[in-house]
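> got a structure for you, letters missing:
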């Protein structure tokens, strides 16, 4: 780890003239939000890495892998370079694990801290080091019941990773339910949701897909897809 950090500091120092990043020890304030996390779709068996960050008026952002390599680098030009940017969210490609081995994907994104660095329009620096975890929850088992405009979606509590995934303690902090334009996040104790009558009443007859996400304390989340049929 000491050798790795020394190499990272060398890389950061070399970047000063090119990207305007400050040396170690002067990297500035933390990003108000800096997240890197896995999203697993248990229905499709695909897995990807997502990033969400937020800060006021940044011009340049880069993400450094734990081994010291820059793996993401974006700079605003023109109006964005002059005025700056705020929120940034992106999803990496989500390969199907039947075709892209889980072990190889986790090797590309090891469980460790990733360095987020930013330069603001006024020259100020930003730096955060969020941790990417391999504590990936299994998908909840979902079901639904429909009686007229009364639609109830249910799911099982998640307490473990999916079969074949790294063995890590799983702590669920909430569940999110998404039905078309409607979405709500519920506490970890919840296992059922009755759709608001007004929304359920607005749905047309036929099949309607929904998703239930199990959200782990690390930020990793797993989706299970389902559907219900409205008469």
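Received the coordinates, thanks. Here the structure is a predicted model, which is why all the values come from computation and not from measurement.
> Pull the number of nearby residues for residue 49.
20 (other CB atoms under 10 Å). Just so you know, the C-beta spots here come from the backbone N, C-alpha and C atoms, and that holds for glycine as well.
> My error: substitute residue 138 in the last question.
Neighbour tally, residue 138, other CB under 10 Å: 19.
> Show me what the host helix or strand of residue 200 is packed against.
Assigned by DSSP states H and E, residue 200 belongs to helix 197-202. Contacts defined by 3 or more CB pairs under 8 Å, 6 or more residues apart in numbering; DSSP states H and E place helix 197-202 against strand 150-155.
> Quick one: residues in contact with the strand it packs on.
Among residues not part of strand 150-155, those counted as contacts by CB atoms under 8 Å, 6 or more residues apart in numbering are 140-146, 175, 177, 179, 191-195, 197, 200, 203, 210, 212, 224, 226, 228, 230.
> make it 7 Å
Identification of contacts with strand 150-155 by CB atoms under 7 Å, 6 or more residues apart in numbering yields 140-145, 175, 177, 191-195, 200, 210, 212, 228.
> quick one on the thing from earlier: the helix holding residue 200: which residues count as buried?
Going by neighbour count (16 or more other CB atoms under 10 Å), the buried part of helix 197-202 is residue 200.
> Quick one: mean pLDDT over it.
Confidence over helix 197-202 (mean pLDDT, whole number) is 94.
> In the next helix or strand after it, which residues are buried?
As assigned by DSSP H and E, the chain's next helix or strand after helix 197-202 is strand 206-216. If you call a residue buried by 16+ other CB under 10 Å, then strand 206-216 has these buried ones: 208, 210, 211, 212, 213, 214, 215, 216.
> what pairs with the helix or strand that comes right after strand 206-216, and is each one parallel or antiparallel?
Next helix or strand after strand 206-216 toward the C-terminus (DSSP H and E): strand 221-230. Sheet pairing of strand 221-230 (DSSP bridges) gives strand 33-41 (parallel), strand 206-216 (antiparallel).
> What average pLDDT does the last one get?
In other words, strand 206-216. Computed over strand 206-216, the average pLDDT equals 97.
> next one: it to chain centre, how far?
Averaging C-alpha positions (CA atoms, centre = their mean, to the nearest Å) puts strand 206-216 17 Å from its chain's average.
> Start the count at 262 instead of 1 going forward.
Yep, numbering from 262; the last one is strand 467-477 now.
> Okay, now stretch 454-466: how far is its last residue from its first?
20 Å (CA to CA, to the nearest Å).
> And the helices in this protein?
263-275, 277-280, 339-344, 363-369, 458-463 (DSSP state H).
> So for the fourth one, mean pLDDT?
Pointing back at helix 363-369 there. On average, helix 363-369 scores 97.
> do the first one as well
Within the predicted structure, the mean pLDDT of helix 263-275 is 34.
> which stretches of this structure have low pLDDT?
262-288 (pLDDT under 70).
> quick revisit: closest to residue 363 among the buried residues of strand 467-477?
Residue 363 lies nearest to residue 477 out of the buried residues of strand 467-477, by CB to CB, at 16.7 Å.
> And the chain, what are its domain boundaries?
263-393, 403-491 (automatic domain parsing).
> Now do the shortest one: distance to the chain's middle.
Chain-centre distance of domain 403-491: 17 Å, with CA atoms, centre = their mean.
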